[in-house]
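Visitor: Generate coordinates for the sequence data below:
(2 chains)
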Amino acid sequence: MAFIIVTHLSPERTSLLHEVISRYTKLPVQVAEDQMHLRPHNIYVMPEGKILTVKNGRLTLTDDNPAHRERKPIDVFFASLAADQGEHAVGIVLSGGDGDGTLGIKVIKEHGGITFAQSADGSGPRNPEMPASAMASGLIDFAVPAELMPRYLLQLQNGTDAVDLPGLETPPGKEDSAAQRLQAEISELLRRHAGHDFSGYKNKTFMRRVARRMKVLDLRTIDAYVARLRDDKAEIMALFRDLLINVTNFFRDSEAFQCLNETVIPKLLEGRGASERVRIWVPGCATGEEVYSLAILVLEQMEDLPAAPQVQIFATDIDEQALSVARAGRYPEALLAGMDPARRARYFRQDGASYVVVKEVRELCVFSPHSVISDPPFSRMDLVSCRNLLIYLGVELQSQVIPTFHYALKPGGYLFLGTSEGVSRHTDLFAALNKQHRIFQSRSTDGAPRRLPIGLDRLAGQHRIGETAKRRAETNDMRLRQRGEAQVLERYAPAHVIVTSEGEILHFSSNTGHIMKIPRGAPSRQLFDLVRPELRVELRALLRQAMETNKPASRQVLMLESGDADGRMVGLTAEPLDGPDDEETLYLVLFTLLGTWAQPASVEESGAIEEKMELELRDLRERLQSTIEEYETALEELKSSNEELVSVNEEAQSTNEELEASKEEMQSLNEELSTINVELSASVEDLDRANTDLKNLYAATRIATIFLDEALVIRNFTPAAASLFNLRETDIGRPFTDLAGALRYPDLQDRVKQVYRSGEATENKLPARGDGTAYLSRLMPYRSQSGDISGVIVTLVDISSLAHAEEQQKLLISELNHRVKNMLALVISLTNSTHKTTDAPDQFLDKLLARLHGMARAYSLLSQSDWTRVSLKDVIRTEAQAFGAERIEVQGPDVTLRPSQSLALSMVIHEMATNAVKYGALSNDVGLVRISWQVKEGRLEFHWREEGGPEVPPLDRKGFGLTLIEGQLRSQPDTEASVSFPPEGALLEASLPLED
Amino acid sequence: MTGDRTAGSGRGKPAVLIVDDEFLLAYDLTEEVEAAGYGVVGPAHSVASALDLIEAERTDCAILDVNLGKETSYPIAEELAARGIPFTFITGYEIRQLDASFREAPLLCKPVQTHALHAKLQEMLSGT
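Guide: Below is the predicted model of the structure:
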């Protein structure tokens, strides 16, 4: 066994099926390649985007047309497998959508292969449509869960040659009696349960089908099988279906069709107007190939005619499943193999790897369930085409069916049979038009009325199949009897006719001449038109009575011979004709001559009365006659309305079929759509999730981003952008350039356009706005998946704090520069001034260093307080510590000073202390410095008093120290200062403004 | 040096107005200017006192520290410009940090070097 796996694959997605399968099996799994040899114990998987078929034991791959993808790859594959492998093919339909595989299963079965479908169990199939459709067709041998399939496959493999059955090896022409008995026995079972008689089927065909069923059931003996049939009604139906399968093909036997096309069809169409109908019947149409072949032939010829008649092809079969396939008119390519390509192009529409019959062909055909054997036949046909049905029927059934065809045909109508079929002994009904191609013409039966073929009662009547042989023996006896009876009837029986309930004559006996009178006008078979006028009223009444009572009714009537005073009495009898119950009842009307009616003896007085009565009677008759005529006119009208109704009915029927066909199309489309829908909704869910992620991301970044499309119209934006540009949802779809927010940055719009043109990202700072916020704008091209620029992404990042910090930093650096320069200038000036006012070099250095250290202390104090305000006490304490704090008394409230004030004051204190150490209170061991201050009216009143020092010599007013002390203080705004040297000790008085 | 200072108030010498809030700098600058043989007006430490001096005394040119504590010397410069008296700024700041209207004005950078001061003084006075 080799396995080939065909699946419905999306051509866009790479299939990994072979890898998945190889995990579950030890058998080698490979992806099918073109021209690969099939080897036993291998698994082949169909690759995506291909159509897989089998030919001569090799796999064949063809590219699937992406525009019209094959919707039925499994049908296509099965068809090729069946043709290639015949009885060895096994088709397995597993889970899948749509009804793919069903037609393929049929082809496999036609070729004698075995079919499987996955039935539902706890775990599958996940998508039951495909196996369900295959099972509904009734063509599945094994409907089992997937786990059980291997067992049956092995069973089939082992049982292939084990079945032993009589009748299979019988040479043609001979009959095996054991096989005959078996067929009779099985047929009887079939007839009882399936209502169809197969006793007449060819024994070999019959037995082959039985053998196939035995193989499926794993039964090795026929007795076991018959026992099974008796117990199992389902098996009876299975066998019944198998027996009905037949192989059909388009233009099967093309020469015969060619002959038909040349000789028959032109005649069918010849001389018929557009309002006339051509009726064709195809009994046993199966899946419709023969029907469409005929329809195509007819259509081809109709196209050449200026005013073609209406053509109706009635296609019938007892297999409803086959009919539904026929109605769909969709076939795998394998079935169209032999067809002329031009014809195929003209009348078929390719749909994937299958072909669908075009509408104009389909419209000619009407499909309906009907049994040619047991149902009443169609009538008034111009052509009956019944190919390859008779070969399945035995002689008995054949000789029954042929007259049925004759009945169905108009006189001169045509019969088209299969190559191996014939009209056998019914040469009286049909004349061979072309013997080789089995084309016959219906003979008109020499004036004899058409008869409903006997034997329609086979199923309803008392016959048993076993009696067939006995009946055959009786046939000879019957013939003699018929001949005798015919002669008796001819000569001695009363004149009679057989009529329908409407009075239409179906049969005349001999000797009706004196009863009938041919009327004027169009020929008619209407009894009441033909019979002599004086009989009509009575006859009508009698017929009605017979119809109502269903019993014979008779009456006597005087019939007047023209030109003769005397009339003849005629006995009229009407009675129902014996026949099967379910058919139209026919009536037998007998005319018995009862002798002449003598004129009564001449009596004078009675003469006048009689004459009067005679007149009256004539009057009445005339009146009656006119009533009858009115009645008949009404009847005619009714009849024509009835005909109209019938034709309307036929139209409705064909419309119904079309509806059914389109319903099937809709269903398969719907299934496809629902599969796609499931996929779509999954993608939509994914998209939704991704979308939500994105939205959250947008919100989380707090970065203003706007997406613009090709026309620079807003496609999307983040919440941050909404607040920055005053965007609302309604702004999506508006041009970016229209935005009030964007108008504040006209430059931005130009740059957006630039980025869209060049495709290069840019980045720059936007000028700061009034509220001090600053933004960095980043413009990136929006690239679609293909890499094209399909818009621009505008991103604005808030860099206000960064900008502010930058600004601050610049300020600080320049302030630092300034201070450093100032400080250097100060040091230079100090050095200069100290140098100029000091004579000794060693003193200069000491002085300078002391001053610089004093400055350094003052600055460090300032830097400790971050250059804000400095406590006066701290200033004094710092300086005092450098000169011995214990002899410096400090007294005053807490006061803080500006940096410049504190610097000035600390330098002043330094100079004063230096002076005190050198010449003043601190130059001896007992002197004291009292520093005190008060706050008065927002001013600081500062005092430096020295006590206990040596007597102070008058100071050089122009000395640098004094200049420095007074200058430092006075150079401060709004500040007074004076230094004096009274004898008790140096005195500094200063008044500084205090900050409020 | 003492002699110089006495001569600084002499009538025949060109009078240079010195404005600087920093006492030591003003003092040193005064010394330098007087040593160079000019008379010194001031030094003034604030806008108000400088304007008073301009009003009260003859001033031939001026050296202005830009930053005077809480104020700047721009009002003094305006007054001087109005009177047609040349002036030079001295500052620790860069030139671009000056008020826009005085960016063309002559400028000395702190710390001032003596020869640069001399050149500037001559330049100012030769212009008048």
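Visitor: only C-alpha atoms for contact and neighbour calcs from this point on.
Guide: Fine.
Visitor: does the residue positioned nearest the centre of chain B count as helix, strand or coil?
Guide: The residue lying closest to the centre of chain B (C-alpha atoms, centre = their mean) is B:Ile63, at 1.5 Å. Under DSSP: H, G, I helix; E, B strand; the rest coil, the three-state class of B:Ile63 is strand.
Visitor: How far off centre is stretch A:979-989?
Guide: Distance of stretch A:979-989 from its chain centroid, counting by C-alpha atoms, centre = their mean, to the nearest Å, is 115 Å.
Visitor: Buried ones in that stretch, by neighbour count?
Guide: Under the neighbour-count criterion of 16 or more other C-alpha atoms under 10 Å in any protein chain shown, stretch A:979-989 has A:Val979, A:Phe981, A:Glu984, A:Gly985, A:Ala986, A:Leu987, A:Leu988 buried.
Visitor: nearest to chain B, of those residues?
Guide: Chain B lies nearest to A:Val979 out of the buried residues of stretch A:979-989, by C-alpha to the nearest C-alpha, at 16.9 Å.
Visitor: Check the secondary structure at the closest residue to the closest one other than its chain neighbours for me.
Guide: Leaving aside its sequence neighbours, A:Val979 sits nearest to A:Leu988 (C-alpha to C-alpha, 6 or more residues apart in numbering or on different chains; 4.6 Å). Secondary structure assignment for A:Leu988 (three-state DSSP): strand.
Visitor: Distance-wise, check A:Leu988 relative to A:Asn649.
Guide: 138 Å (C-alpha to C-alpha, to the nearest Å).
Visitor: likewise A:Glu19?
Guide: A:Glu19 sits 58 Å away from A:Asn649, going by C-alpha to C-alpha.
Visitor: related to what we said a few turns ago, adding pLDDT as columns, could you present the buried residues of stretch A:979-989 in a markdown table?
Guide: Putting these into a markdown table (pLDDT from 0 to 100) gives the following:
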| residue | pLDDT |
| --- | --- |
| A:Val979 | 84 |
| A:Phe981 | 81 |
| A:Glu984 | 80 |
| A:Gly985 | 82 |
| A:Ala986 | 83 |
| A:Leu987 | 86 |
| A:Leu988 | 87 |
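Visitor: just to revisit the earlier point, so who does the residue nearest to A:Val979 touch?
Guide: The contact partners of A:Leu988, by C-alpha atoms under 8 Å, 6 or more residues apart in numbering or on different chains, come to A:Phe942, A:His943, A:Trp944, A:Arg945, A:Ala977, A:Ser978, A:Val979, A:Ser980.
Visitor: Nearest to A:Thr633, out of the buried residues of stretch A:979-989: which one, please.
Guide: A:Thr633 lies nearest to A:Leu988 out of the buried residues of stretch A:979-989, by C-alpha to C-alpha, at 157.9 Å.
Visitor: Up against chain A, what does chain B have?
Guide: Residues of chain B lying near chain A by C-alpha under 8 Å from any C-alpha of the partner chain: B:21-25, B:27-29, B:44-46, B:91-94, B:110-112.
Visitor: From the residues you listed, keep the buried residues only.
Guide: Buried among the residues of chain B next to chain A by 16+ other C-alpha under 10 Å: B:21-25, B:27-29, B:44-46, B:91-93, B:110-112.
Visitor: Packing partners of the strand or helix carrying A:Arg689?
Guide: Per DSSP states H and E: A:Arg689 is located in helix A:604-701. Counting contacts by 3 or more C-alpha pairs under 8 Å, 6 or more residues apart in numbering or on different chains; DSSP states H and E, helix A:604-701 is packed against helix A:320-328, strand A:365-369, helix A:719-725.
Visitor: Check which strands are paired with the helix or strand just after that helix and give the direction for each one.
Guide: The helix or strand immediately downstream of helix A:604-701 is strand A:704-708, counting by DSSP H and E. Paired neighbours of strand A:704-708 in the sheet (DSSP bridges): strand A:714-717 (antiparallel), strand A:789-798 (antiparallel).
Visitor: highest average neighbour count across these?
Guide: For those, average neighbour numbers computed from mean count of other C-alpha atoms under 10 Å in any protein chain shown are highest in strand A:789-798, which has a mean of 22.
Visitor: Show me what that strand is in contact with.
Guide: Here strand A:789-798 makes contact (C-alpha under 8 Å, 6+ apart) with A:703-712, A:721, A:752, A:755-756, A:759, A:773-784.
Visitor: Which strands or helices does the next helix or strand after it pack on?
Guide: Where DSSP H and E defines the elements, the next helix or strand beyond strand A:789-798 is helix A:800-837. The helices and strands touching helix A:800-837, judged by 3+ C-alpha pairs under 8 Å, 6+ apart, are helix A:841-864, helix A:960-971, helix B:23-35.
Visitor: same question for the last one, mean pLDDT?
Guide: Right, the one you point to is helix B:23-35. Helix B:23-35 shows a mean pLDDT of 86.
Visitor: what's the spacing between it and its chain's center?
Guide: Distance of helix B:23-35 from its chain centroid, counting by C-alpha atoms, centre = their mean, is 10 Å.
Visitor: For it, list the C-alpha coordinates in CSV.
Guide: The C-alpha trace of helix B:23-35 is given here as CSV (Å, rounded to 0.1, in the frame of the first residue of the first chain):
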residue,chain,number,x,y,z
PHE,B,23,36.3,100.0,46.3
LEU,B,24,39.7,98.3,45.9
LEU,B,25,39.4,98.2,42.1
ALA,B,26,38.3,101.9,42.0
TYR,B,27,41.2,102.8,44.2
ASP,B,28,43.7,100.9,42.2
LEU,B,29,42.3,102.3,38.9
THR,B,30,42.5,105.8,40.3
GLU,B,31,46.1,105.3,41.3
GLU,B,32,46.9,104.0,37.8
VAL,B,33,45.1,106.9,36.0
GLU,B,34,46.7,109.5,38.1
ALA,B,35,50.1,107.8,37.7
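Visitor: Paired strands for the next helix or strand after that helix, with orientation please.
Guide: Using DSSP H and E, the helix or strand that follows helix B:23-35 in sequence is strand B:39-44. Strand B:39-44 pairs in its sheet with strand B:15-19 (parallel), by DSSP bridges.
Visitor: Could you list the residues in contact with the partner strand?
Guide: Outside of strand B:15-19, the residues within contact range by C-alpha under 8 Å, 6+ apart are B:26, B:29-30, B:33, B:38-46, B:50, B:54, B:58-65.
Visitor: so how many other residues sit close to A:Glu548?
Guide: 9 (other C-alpha atoms under 10 Å in any protein chain shown).
Visitor: For A:Ser554, see how far away it is.
Guide: Applying C-alpha to C-alpha, the value for A:Glu548 to A:Ser554 is 14 Å.
Visitor: Could I get the buried residues of stretch A:979-989 in a markdown table, plus columns for distance to A:Leu305?
Guide: A markdown table is the format used below for those (distance: C-alpha to C-alpha, whole Å):
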| residue | distance to A:Leu305 |
| --- | --- |
| A:Val979 | 144 |
| A:Phe981 | 150 |
| A:Glu984 | 155 |
| A:Gly985 | 151 |
| A:Ala986 | 148 |
| A:Leu987 | 146 |
| A:Leu988 | 142 |
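Visitor: quick check, nearest of those to A:Ser800?
Guide: The shortest approach to A:Ser800 among the buried residues of stretch A:979-989 belongs to A:Leu988, at 52.8 Å (C-alpha to C-alpha).
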